[in-house]
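# got a predicted structure here, sequence first:
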Amino acid sequence: MTSAERYRLVLSHKEPDRIPMRDDFWGSTIDAWKSEGYPPDGKGVWEYFGFDGWAGIGAHLWFRDNEKEYDVAIRNKANWEEFKHLYKYCDARVDFDGAIRTYESCQKNDIFLVYGGGALGFDLWQNRIGIKHFLESMIDDPEWIKELFMANVDLNIAIVEEITARGVQFDAAMFYDDLGYKTGPFFSLRMYREQLFPAHKKLCDFLHSKKMKVILHSCGGIRPLMPMLIEAGFDCFEPLEVKAGMDLVELKKSFGEVVTFMGGIDVRAMAHPDPKVIENEIKTKIPVAMKNGGYIFHSDHSVPHNVSFKQYEYTIELVKKYGTYK
């Protein structure tokens, strides 16, 4: 079975031969592993561990025109009003020749193809504007905030329209919108419903019209937002940060019939000196999460450098052991 087949099946809540596997790593982790002898055969990390590959097509999503990208600092509404004419679609945002080559390669080799929309909504703008001022603006000037959220969504929609008009067919799209910290969301459920939900829903509705699944990366404790995120149309959630209260087993029982989960395996268990700790983590979570499809292996965050190469090798052995369908 190909990697693309595994992803497509679990995202449709069907069971493949085994769960798909993918992960992310700190740069310092790979550097530390090299001192331990990784990789012993010269392979890259995804190939060495047998991860299920996918390819991505992205775009330039900051302020630009067909001539160049601008180093614009958006610190307040006045900055936005001055430069928002540069936050529109233009052909220079996409390498169409490269996109078509990637698509043709994916078709030939049955590789899962993802539109990489990068940072989205809250995560995008609070990083550019500054979280304190942004959160204050969500209270003081919600109409401006809603305009920012929708402008980002409209730009992504225009880009996907242009790429697909050239014959490219995506399996999914993946976006990054960190909505929580260790104890819960950054803002109230009412604020999400009124300000960000309309943009999320518009984006998901459009992508679904293109037969694409929508994957959301959101760190932190987003459990209170889950019902509305699902209503907005997100099909898969990653990375399910354990230390922020994201419980893979509970999430599967509560929402597993309608969405797919990617992650939820505690990196602290991977780093624990007793190998029984990571085995207990995996054997109590993966068999539950993988039932009837709907689960992709991933750590609950990028793998840090305190997880040794041998510890991670053992982790993957366990994933294959407990993540194979009978």
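Here it is on my side, so go on.
# for the rest of this, base every contact and every neighbour count on C-alpha atoms.
Noted.
# can you get me a residue count around the closest residue to K243 other than its chain neighbours?
If the residues on either side of it in the chain are set aside, K243 comes closest to K182, at 6.8 Å by CA to CA, 6 or more residues apart in numbering. The burial count assigned to K182 is 16, neighbours taken as other CA atoms under 10 Å.
# K182 contacts L240, doesn't it?
No - counting by CA atoms under 8 Å, K182 stays clear of L240, with 11.4 Å between them.
# I296 - that's part of a strand, no?
Yes - under the criterion used here (DSSP: H, G, I helix; E, B strand; the rest coil), I296 sits inside a strand.
# that one bridge partners, please.
Judged by DSSP bridges, the bridge partners of I296 are M262.
# ok, the spatially most central residue of the chain - contacts?
For the chain, the residue nearest the mean C-alpha position is H217 (3.2 Å; CA atoms, centre = their mean). The neighbours of H217, taking CA atoms under 8 Å, 6 or more residues apart in numbering as the test, are 174-178, 237-239.
# against L251, how distant is it?
Using CA to CA, to the nearest Å, one gets 15 Å for the distance from H217 to L251.
# in terms of helices and strands, where is G116?
strand 112-119 (DSSP states H and E).
# can you pull the buried residues of that strand?
112-119 (16 or more other CA atoms under 10 Å).
# which residues are in contact with both of K182 and L240?
By the contact definition CA under 8 Å, 6+ apart, K182 and L240 are jointly contacted by G220.
# quick one: residues contacting D171.
8, 112-114, 211-213.
# whoops, E69 was the one
62-63.
# do V94 as well
V94 is in contact with 58-60, 159, 163, counting by CA under 8 Å, 6+ apart.
# kindly recompute the last result at 7 Å.
59-60 (CA atoms under 7 Å, 6 or more residues apart in numbering).
# any buried residues in the host helix or strand of E250, and which?
Counting by DSSP H and E, the element that carries E250 is helix 248-255. Using 16+ other CA under 10 Å as the burial criterion, the residues of helix 248-255 that qualify are 248-249, 251-252.
# what's in contact with that helix?
Counting by CA under 7 Å, 6+ apart, residues outside helix 248-255 touching it are 264, 285, 288-289.
# so which of these wins on neighbours?
G264 (29 neighbours).
# who are the contact partners of that one?
If a contact means CA under 7 Å, 6+ apart, then G264 has 239-242, 248, 298-300 as its contacts.
# quick revisit: send the alpha carbons of the helix holding E250 over as PDB?
This file holds the C-alpha atoms of helix 248-255, laid out as PDB (Å, rounded to 0.1, in the frame of the first residue of the first chain):
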ATOM      1  CA  LEU A 248      -5.800  11.600  22.400                       C
ATOM      2  CA  VAL A 249      -8.000   8.900  23.800                       C
ATOM      3  CA  GLU A 250     -10.700  11.300  25.100                       C
ATOM      4  CA  LEU A 251     -10.600  13.200  21.800                       C
ATOM      5  CA  LYS A 252     -11.100  10.000  19.800                       C
ATOM      6  CA  LYS A 253     -14.000   9.000  21.900                       C
ATOM      7  CA  SER A 254     -15.600  12.400  21.700                       C
ATOM      8  CA  PHE A 255     -15.000  13.400  18.100                       C
END
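# how far away from the center of its chain is that helix?
How far helix 248-255 lies from its chain's middle: 18 Å, per CA atoms, centre = their mean, to the nearest Å.
# which among the contacts of G264 gets closest to I19?
For I19, the closest of the contacts of G264 turns out to be H298, at 10.5 Å, with distances computed as CA to CA.
# skip the chain neighbours and tell me the closest residue to that closest one.
Leaving out its chain neighbours, the residue that sits closest to H298 by CA to CA, 6+ apart is G263, at 3.9 Å.
# what count of nearby residues applies to that neighbour?
Once other CA under 10 Å is used to define contacts, G263 is seen to have 25 neighbours.
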